[in-house]
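Novice: Provided below for reference: sequence and predicted model.
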There are 4 protein chains.
Amino acid sequence: MNAGRVQQVQVWRIPCSGPGDLSGARTLIDAGEIVAADIVAVMGKTEGNGCVNDFTREYASSAWCHLLAPALGCTPDAVHARVALVMSGGTEGVLSPHFTVFTRRWVAEAPAGLGKRLVVGVAHTRAFLPEELGRTAQVDATAEAVAEAMRDAGIESADDVHFVQVKCPLLTAAKVSAALARGAAPVTHDSYESMGYSRGASALGVAVALGEVAREEVCDASVMSDWRLFSARASASAGIELEDNVVIVLGEAQGSASAFRIAHAVMRDAIDAASVRALLRDAFGLDPERDAQALSARLVNLLAKAEASPDGRVRDTRHTMLNDSDIHSTRHARAVVGGVLASVAGHTALYVSGGAEHQGPAGGGPVAAILRVDDTDSTFS
Amino acid sequence: MNAGRVQQVQVWRIPCSGPGDLSGARTLIDAGEIVAADIVAVMGKTEGNGCVNDFTREYASSAWCHLLAPALGCTPDAVHARVALVMSGGTEGVLSPHFTVFTRRWVAEAPAGLGKRLVVGVAHTRAFLPEELGRTAQVDATAEAVAEAMRDAGIESADDVHFVQVKCPLLTAAKVSAALARGAAPVTHDSYESMGYSRGASALGVAVALGEVAREEVCDASVMSDWRLFSARASASAGIELEDNVVIVLGEAQGSASAFRIAHAVMRDAIDAASVRALLRDAFGLDPERDAQALSARLVNLLAKAEASPDGRVRDTRHTMLNDSDIHSTRHARAVVGGVLASVAGHTALYVSGGAEHQGPAGGGPVAAILRVDDTDSTFS
Amino acid sequence: MNAGRVQQVQVWRIPCSGPGDLSGARTLIDAGEIVAADIVAVMGKTEGNGCVNDFTREYASSAWCHLLAPALGCTPDAVHARVALVMSGGTEGVLSPHFTVFTRRWVAEAPAGLGKRLVVGVAHTRAFLPEELGRTAQVDATAEAVAEAMRDAGIESADDVHFVQVKCPLLTAAKVSAALARGAAPVTHDSYESMGYSRGASALGVAVALGEVAREEVCDASVMSDWRLFSARASASAGIELEDNVVIVLGEAQGSASAFRIAHAVMRDAIDAASVRALLRDAFGLDPERDAQALSARLVNLLAKAEASPDGRVRDTRHTMLNDSDIHSTRHARAVVGGVLASVAGHTALYVSGGAEHQGPAGGGPVAAILRVDDTDSTFS
Amino acid sequence: MNAGRVQQVQVWRIPCSGPGDLSGARTLIDAGEIVAADIVAVMGKTEGNGCVNDFTREYASSAWCHLLAPALGCTPDAVHARVALVMSGGTEGVLSPHFTVFTRRWVAEAPAGLGKRLVVGVAHTRAFLPEELGRTAQVDATAEAVAEAMRDAGIESADDVHFVQVKCPLLTAAKVSAALARGAAPVTHDSYESMGYSRGASALGVAVALGEVAREEVCDASVMSDWRLFSARASASAGIELEDNVVIVLGEAQGSASAFRIAHAVMRDAIDAASVRALLRDAFGLDPERDAQALSARLVNLLAKAEASPDGRVRDTRHTMLNDSDIHSTRHARAVVGGVLASVAGHTALYVSGGAEHQGPAGGGPVAAILRVDDTDSTFS
C-alpha cells in the first residue's frame, strides 16, 4: 500500500522522571508533533538493575501500551504487536533514563540530492521454547527476522544496516523448572546467565543475516564461547516480559525523506573513546571537542553495547567486574561505557545497553550515532 | 638530621591479585629496588565496596604492616605510626586494584637545573571523638596537620601543593551508640552518611590550610551543605580502620632530587575528560591521543576524586545515582570517573576515590597527575 | 447513608507472579466473588528492594488503578482517592509476593451472638511539604487521620484497634533540592534515611491517636531518637509514589457482620517467635504446632513490621545489618522476620514490612493476625 | 603416638568485632584456657557477602595464621597444613560473626560411663584442577578424605558421624581463562555458579563416604541436577582462598573423654523450625521453649546449611530468591535460616552456611547441635 512512496523517519529523545512517566511523550502527542499511529519503535533506558528482576522495563512497556492503545484503537496488550517496545534496564553512573521514539510515515518522494538517509524496519520471531534460547534455533529465527526487517526498512545491502536492536527473552526459574519437567534441557539453569546466552544467540543471528559470520561457523557450542564470532552492528537486550525476539533494523537508504542520518563504529574495549570520536569526525565531520555545540545540537543519541571483558582484563590489566557478587558485571560495564560516551557526546541521556556477547569484539561493542542533518522536516512532508 | 640534604622521592604503581597480595611489593623489596625503610606512604585501591563494611582496606593495611614490620624493626601495629597507609576501597568498572608506593630518601643535593620536582610530607591528627567527626573540630585539626605535612615535605608556598590525601574515620553503629550513651550528639546516626561528613570536614581543613577557603567562612553547618566551599587539591577517604586523620601532602619543591613531577586540575563534573587532557598537555606537553605511547610510559598515576552530583543532575540532565538503594552513589561515581580517566590515560590502574564532598566543585573533583620525567634515578643518588 | 446498617468486611490473600500480575484478582472479580466497587483497601507485598528506587510498588498500584477504573467509573488516577492502595516493597528470603484485598459492604444487620468482628476504615491526610516529613506536622496530621479512619470503621475505643497501616511519602533528591531552593530545611538530605523519618513520624501519629503516647511527649527531636515512644499497632511504609499519608485502621466492633477476626501482639525482637505463637493460642485458641492444619485453613495473613535493632544487637549479641553498605538493613530485617513468622504460620505469603521506627519497641515490631472464624459469609448477606 | 590414649575435644564459640579481630581468642590463649597447639579446627562466620569476592574469609584465615604461627613454630602460611581453617562468609540478618574453635588433646582414658562423646577428625584432598571442580574427580577425592578424617576421629561407623564440614575451592575468572587456554573445559564459566558446583560435588563425596548415596548413582551430570542424591550430614563452603578440599568430621565415639555431645537432624525446608525443636528434645531432652535457660547455657552452636529452594517454591508458594539480581540467593537463604534457628536457640551467633546443594533435600539442609553435657572438664584431664 506504500507502493511508490518513500519513508520519512523521525526520532525523538524524550526524558522521563521514572519508568512510568510518559508526560514528555504525551505532551508531544498532544501538540501534534508526534502522531501516535506513526510510532514504529521505542527504545527506552529505564532505571532498574537491567538484570532478571528488573520490572522497570515491563512497567515502562505497560505505560506505553496504555498510552498508545486508544490512538491505535486496540487493547493495551495488542500494542506490542504494532510497536516495537524495547526497554533496556540500567542507568548506572551518569546515564539518564529516557525514551528514543522512532516514527515512520510514507511520503510521495524525497527532495532531490538528499543522499542516503535514515530508515527503520521491524520484525518479530516466533515465541521460543525455553530450551531454544541461547542455541542455534534462536540464531536462525533471528537471522530470518533481520532479513524481514531489512525488507520492511527498504534496505537492500547489508552495508547500509548500521544498528540492529534485538529484544529477547530470558529464562526464569519457573521456565527452567517447566522445561526440566518436560525433559528438555535449557542451556543454563541460572536466570542471569540465561540473559547472556539469549543476547549472544540473537547477536549471532544478526551477524549471520548481515554476512559478518557464515552460518556454518555457528553451532550451539559457539554461543558464549567462540568470541571470534560477532556482529559489529548487533545490540541485544534480554527481558523478562516477552517470549519472542523483536528486531529493529536501523540503516540508511537512498530515497528516504528523513532529516536524520546514522553511522556506526566499534569500540574495541570499554574505554575506547577514540573510536567514537573518529566516528563522529569521519561520518559527520564533527570534532567532539572543537564542534561541541554543533554536536550537542545535532546528536539525537548514541546507541551502544557494554560488557565486562570476558578475559578479566582491560588493556592487559585486571578488572574485578566478573568476580563481583554484589554488582553484576553488566551494571559495571554500563556505568563505564556510559561515562566514556558522555565524555565524548557531552550529554548523558544515551542508550547504553549491557551485555555485549557476540556484539562487537570481546570486551568491546558496537556504537551507532544518529544525527539530525536537516534543521526542519517541513520541506519533506 | 636531614639538614643540608634534599629529598629524593620515588613512586611505584604495583598491581595486586587481591587485597592481601603483596607479592609485587615483596619482589621489588627483595630485588633491592624498594628499600622498605624508605617507604613513607602507600595509597592503595582495594576491591571492596568502598563503603562502611569494606574490610579489604583493613586487610590490605594489615598485610602491609606484616610485610614491613620486620624491616622497620617494630610490631605490625606500630607500622601505622611510621608509614601512611591509605587504602581506598572500590574498583568499580574498569578500575584495577593496585598500590602506589612513595619512598623518600635524603641525598646530598640535586643535580643543577632540575627545576621543581616531587616532594612528599606526612602528618597525623589526634584521634577524634565520634561527635567531632564532620564538624569544625575535624576541620581545624586537619588544617594543622596539612601545615605540618607541608613542613615535612619542604614546601613553603601553598601553590606548590598539588594533592593532599587524607584518610579519615567514620561512625559505626557502635560508635554512635557509645556517643549517645555519653550524651554526645554525632553529626549523623547513619554510618554511610558519616563517611561523607568526615570526608567533607577533612577537605575543608585542607582548603583552609591551602588558603582556598577562609577559616571564618566555615562553621559546623557548612559541612555537607555549602558546596561553594571546596579545595581543588583535597582527596579524602573514610575508613573503619582508624580514629585519627592521616594527611599526605604531595607537591613540588625546588631542590628536590626526584625523577618525578606532579600537577593538578579540577574536573568540573564526572565526564569532564577535557580538563584532564588539558592538564596533561599544559603541564607536561603530552597530548593523550597523539602522544599515547609516551604518556603510557611516563604516567605513574592519576589521583582523582569522584562523586554523584548532589543536585541530581549532570550537564543539566537527571542522574539516578542518589536514589539508588542497591548501589551506593560513590560506587557509581567511581565507575564513571574511572572509565573517563582510563579513556584518557590508556590504562586502568588509577587511583579514583569516591565521595568528593568539598573536594572540587559539587559533582566534580580534583585530579592530579604524577609523571616520571627522568628515565633513571641513578644519577641522583 | 449507611445509617442503621452494619459493616461486613471480607479479606482475600491473592498471590501474583509479578508486580503487574492481577490475574488472580481479575479471576475473582469475573467470578463475582469480589465486587470491585466494594474494595476499600489493598495491601500488597511487591518484589522490589523496598527502598527508594523500588518501582514495583508504583507499578502494582498503577495496575490496580487500571483494573478498577472501569468498575469505579473513574480515571485510573482517580482510583487512588477511592481505594487505599498500600504497596510494601521487599519480599526478601521466603516472603511471597501477594495482595491482601479488603472489601466492605453494608448489610442490614449481623446475626446475633457473633461478638466483635473485623471492621476497616480509611482516611487520608493532606499532602505534605518536604520539610514537614519526619516532624510533628506529619505526626499531628496522621493522628487526625487515624481518628477519622476509626470513625469510618465504626470503632469507638482505641482498644479495639489492632493494626493501623500508614503509607507515607519519602524525600527524593529532587524534593530535597526543591526544598533547599526555597530555603526550607528537610529533616535529612538522604532519600533512604528519609523513609525512616517519614515512617517514624507517622507511627508516632498513630501512637498519639491511640493514646499510647501523650502528644506533649513528642517533639521534632523525638522522631528517630526517643525509642521509648512507640505504637504497638502502627505499621508505616514509605513510598515514592504519594505525597500524603494514607491511613487504614483495622479493628473489631460489636455488630460487624464479618466472618473474620483480628488480634495483635508485639514481637520484642526479630526472632521473637514465642510472642506470635502466644498470640495465636491466646486470641484464637490455635497452637501453631498442634493445630497446624486448622491454622493453615483459617489464617488469612500476618501483618508485621521488621527492623534491624538500632543498637546493633539482638539478644545482646552484635548484628551487622546497620553497617552493611551492600544490602540495606530493612531488607535484612524483612528476610529474618519473614522467615520467623513463616516458621510459625506454615506459609510464606505474609505481609512483613520493613522499617519499624516507633512501631513496636526498638528492634521489635507489631504483628497482627487476621483469621476467618466462620466458614461461609452467605448467612450474613 | 596416641596409642592407648583417648580424645578429649573442647569447643569454644568466640565472638569477634570484625574478620581480623582475634582478641577473644588471644585472651583465652593468654589465660591458658585454650592451648594453641591443641587447636585442630576453626569454623568461622565472617561478615562478607559469602560469595566470590568475599575477602573477609581470607582475611580471617590470615589473622588466625598470624596468631597461631608463633605457638606452632611455623610460618603463617604453614598453619593451614596444621589447622583446618574453615571460614564461611555471610552473616545476613541477625547472624553474628564468631569463631567456633575445636581443640583436641589425648588423655589416658575417659571416666567410666560417659557413653558416646564428641570426637573430631581432619583430612585434606589434593589440590584440584579447575576442570575437576563440580565433577566426579572432586566427589571421589572428597569421599576418600572423609574416610581418612573418620579414622583420624576414631569413628568406626558412619552412623556416628553427625556433621562433615568441607571447605572447597571455586572458579575465578582467572582460573576459567587459564583452563580454557589449556583446552580444558570447566563445568561453568561463572564464578558464582562454580561455588554451587564445588559445594555440590563435595557434598556428594560425603554422601558416598557415609553410605547415603551409592557411588554408581553419581556421574558428572548428577551434580547440581539430581536433587534426590544428598547427604543429611554434609556442609560445604566454597572459598577463593584454597585449591584443595579440607574435611572436618564431627561425630561421637565411645571412650571419648569430651564434655560435649553432638546430634543432627534435617530441615526439610528453610522454615522448618519444628525439626530443630524435635532434635533438641529427642537428642538432649531440652524443650526450646520450656528449657530456654538450660539450652542457652549448654548449646555451643548449631551448624546448618541454607539454600533457596531450587524449584522456586517454599511450602508450595513462590519465592523470589532465584530471580533476584541484586542479592544472591545464598544471602537470602542464610538470613532466613539464621532467623529461624535463632528463634529456636535464643541466640544469634550460629553457624549457618549458604548453598546447600546436595546437602539435605532440595530447599532444606542438615543441622547439627553441639551441647556441653558436663559442666567441667577438670575431671577428665
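Specialist: Received the coordinates, thanks.
Novice: what about the spatially closest residue to A:A362 that is not a sequence neighbour, which SS state?
Specialist: Spatial nearest neighbour of A:A362, excluding adjacent residues (C-beta to C-beta, 6 or more residues apart in numbering or on different chains): A:W227 at 4.0 Å. C-beta coordinates here come from the backbone N, C-alpha and C atoms, glycine included. Following DSSP: H, G, I helix; E, B strand; the rest coil, we place A:W227 in the coil state.
Novice: cool, A:A143 as well?
Specialist: helix.
Novice: All the strands of chain A, in order from the start?
Specialist: Here chain A has its strands, by DSSP state E, at A:6-15, A:39-46, A:84-89, A:98-107, A:116-127, A:161-168, A:234-238, A:244-254, A:260-267, A:299-306, A:313-314, A:317-318, A:351-354, A:365-372.
Novice: Rebuild these as CSV, extending it with distance to chain D, mean pLDDT and mean neighbour count.
Specialist: Formatted as CSV, the strands of chain A follow (distance: least, C-beta to the nearest C-beta, whole Å; pLDDT from 0 to 100; neighbours: other C-beta atoms under 10 Å in any protein chain shown):
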stretch, distance to chain D, mean pLDDT, mean neighbour count
strand A:6-15, 25, 96, 21
strand A:39-46, 14, 98, 25
strand A:84-89, 10, 95, 27
strand A:98-107, 22, 97, 21
strand A:116-127, 20, 97, 22
strand A:161-168, 17, 97, 28
strand A:234-238, 11, 94, 32
strand A:244-254, 20, 97, 25
strand A:260-267, 21, 98, 22
strand A:299-306, 16, 97, 26
strand A:313-314, 9, 97, 22
strand A:317-318, 8, 96, 21
strand A:351-354, 11, 96, 30
strand A:365-372, 19, 97, 25
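Novice: can you count the residues close to the residue of the stretch 51-200 of chain A found nearest chain C?
Specialist: Residue nearest to chain C within the stretch 51-200 of chain A: A:Y59 (4.1 Å; C-beta to the nearest C-beta). Look at A:Y59: counted by other C-beta atoms under 10 Å in any protein chain shown, it has 26 neighbours.
Novice: out of everything not next to it in sequence, what's closest to it?
Specialist: Nearest non-adjacent residue to A:Y59 (C-beta to C-beta, 6+ apart): C:Y59, at 4.1 Å.
Novice: my guess is that neighbour meets C:L22, correct?
Specialist: No: look at C:Y59 against C:L22 with C-beta atoms under 8 Å: they stay out of range, at 11.1 Å.
Novice: What's the local residue count around A:Q293?
Specialist: 9.
Novice: now the stretch 251-381 of chain A, which segments are flagged as low pLDDT?
Specialist: Residues of the stretch 251-381 of chain A meeting the criterion pLDDT under 70: A:375-381.
Novice: Which residue would be the closest one in it to chain C?
Specialist: A:D326 (4.8 Å).
Novice: which residues sit in contact with that residue?
Specialist: Contacts were defined as C-beta atoms under 8 Å, 6 or more residues apart in numbering or on different chains; by that measure A:D326 touches B:N49, C:D326, D:N49, D:C51, D:N53.
Novice: how about JSON lines for the strands of chain A, with distance to B:R105 added?
Specialist: Converted to JSON lines, the strands of chain A look like this (distance: least, C-beta to C-beta, whole Å):
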{"stretch": "strand A:6-15", "distance to B:R105": "56"}
{"stretch": "strand A:39-46", "distance to B:R105": "53"}
{"stretch": "strand A:84-89", "distance to B:R105": "54"}
{"stretch": "strand A:98-107", "distance to B:R105": "55"}
{"stretch": "strand A:116-127", "distance to B:R105": "64"}
{"stretch": "strand A:161-168", "distance to B:R105": "57"}
{"stretch": "strand A:234-238", "distance to B:R105": "55"}
{"stretch": "strand A:244-254", "distance to B:R105": "61"}
{"stretch": "strand A:260-267", "distance to B:R105": "44"}
{"stretch": "strand A:299-306", "distance to B:R105": "45"}
{"stretch": "strand A:313-314", "distance to B:R105": "35"}
{"stretch": "strand A:317-318", "distance to B:R105": "29"}
{"stretch": "strand A:351-354", "distance to B:R105": "47"}
{"stretch": "strand A:365-372", "distance to B:R105": "47"}
